[in-house]
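Student: Take a look and give me a structure for this.
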Amino acid sequence: MNDLYKNKQKILFNLILVLVLILVSIMLTIGATPSFKNNGFGIALLLLFLIVIPAILSVGFTGIRSINISIENEEKQRASSLDEIEKMEKEVEEKAKEAEDLTFNLSSLGENLNKLNNWEEFGSALLKGISKQIEIVVGLVYYFDTNDNKFKPAANYAYYSDAPPIEFSEGDGLSGQVVKNKKAMFISDLPDGYVKVISGLGSNKPKFLAIIPLLDKEDVIGILEIATFKPIERGLSRRINEISKFIGKKASTLS
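Tutor: You can find the predicted model right below:
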C-alpha cells in the first residue's frame, strides 16, 4: 500500500515537472523567435508542444487512475480481511466459552465424591455431580471386578432401558476398546438403538457419547459413559487425562 502511494506521488511530481518544462519551452520558443507569426518552424514547434501536452496528461492521469483503483482494491481486501479476522476471533471466543461451559469443574465435582465407601455410592454421586455441570441425558459408571476380570455396572443416571447394562471385558465393544487403549473415546453420531431416553417429551435418541477411563496410575479401574444431545468433545478433550486421573484417584480406595 505504501509503495502505491509513493508511485502515485512520483507520477504526479513527474507530470507537473514535464508540464512546467513544456510551458517554459513554449514561452522561450515564442520569446526567442522574432516575428513569430511568420516563422513556420516556431509555429510547428508550438503545435508539437500543444499535441504532446494532452498525450502526457492522458498517460499521467491513466497511471494515477490505475494506482487509485489498486489502492481501492487493497483497501477493500484489507477491510474484508479485518472483517474475516473479527469473525474468526468472535468464533474463537464463542468456542472457547462453549468449551469452558462444557469442562468439568473438578474441585466442585470432587466435593461430591469425598467420604464414599463403595462403587454404587461413588458412581451415583459422580453422575449427579456431572449432571449439574453438563446436560447429560444418560450416564453409566462401571467398576473393574478383580475376581472376574470384568467391568460391571455400578451406577446409572436416567437409564430406562428394559435390558440392564451388560458386563464387558477389556477389548469388548466400545468401552472395552477404551479400557484396552486407556484413552477416552468420543462418538459424534451414535448408531440407532445404542441408547434411548424416555422422558415427558417422548422417546429421544442422544447423538453424542463420551467413554472415559478412570485411571489409577496406569490401571483402568472404572469406566464413565455419558450421552448427550449436544457435542461435548471440545469441552472435555483439553483436560481428559486430568479428568480420568482425578476421578480414578478418588475411586482407588473404594471397595
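
Student: According to the record, where do the domains of the chain fall?
Tutor: As assigned by automatic domain parsing, the chain contains the domains 2-101, 104-251.

Student: any idea which of those domains scores lowest on pLDDT?
Tutor: Comparing mean pLDDT across the domains of the chain, the lowest value falls on domain 2-101: a mean of 64.

Student: can you pull out the helices in this structure?
Tutor: Assigned helices in the chain, in chain order: 2-32, 40-102, 106-111, 119-133, 173-181, 233-237, 240-251 (criterion: DSSP state H).

Student: I'd like to know which elements the fifth one is packed against.
Tutor: The reference is to helix 173-181. For helix 173-181, the elements it packs on are strand 150-157, strand 185-187, strand 208-216, strand 219-228, judged by 3 or more CB pairs under 8 Å, 6 or more residues apart in numbering; DSSP states H and E. In short, each C-beta sits where N, CA and C put it, glycine included.

Student: and it with helix 240-251, angle?
Tutor: 90 degrees (axes from the mean of the first three to the mean of the last three CA atoms, to 10 degrees).

Student: So for helix 173-181, what gets flagged as buried?
Tutor: 175-176, 178-179 (16 or more other CB atoms under 10 Å).

Student: ok so, going back, the helices and strands packed on helix 173-181: which one's closest to Phe246?
Tutor: The minimum distance between Phe246 and the helices and strands packed on helix 173-181 falls on strand 208-216, with 9.2 Å, by CB to CB.

Student: Output the closest one as PDB, nothing but the C-alphas.
Tutor: The C-alpha trace of strand 208-216 is given here as PDB (Å, rounded to 0.1, in the frame of the first residue of the first chain):
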ATOM      1  CA  PHE A 208     -23.100 -37.900  21.300                       C
ATOM      2  CA  LEU A 209     -21.300 -40.200  23.700                       C
ATOM      3  CA  ALA A 210     -18.100 -39.900  25.800                       C
ATOM      4  CA  ILE A 211     -16.500 -43.000  27.200                       C
ATOM      5  CA  ILE A 212     -13.900 -42.000  29.800                       C
ATOM      6  CA  PRO A 213     -11.500 -44.400  31.500                       C
ATOM      7  CA  LEU A 214     -11.000 -43.900  35.200                       C
ATOM      8  CA  LEU A 215      -7.200 -44.300  35.800                       C
ATOM      9  CA  ASP A 216      -5.400 -45.300  39.000                       C
END
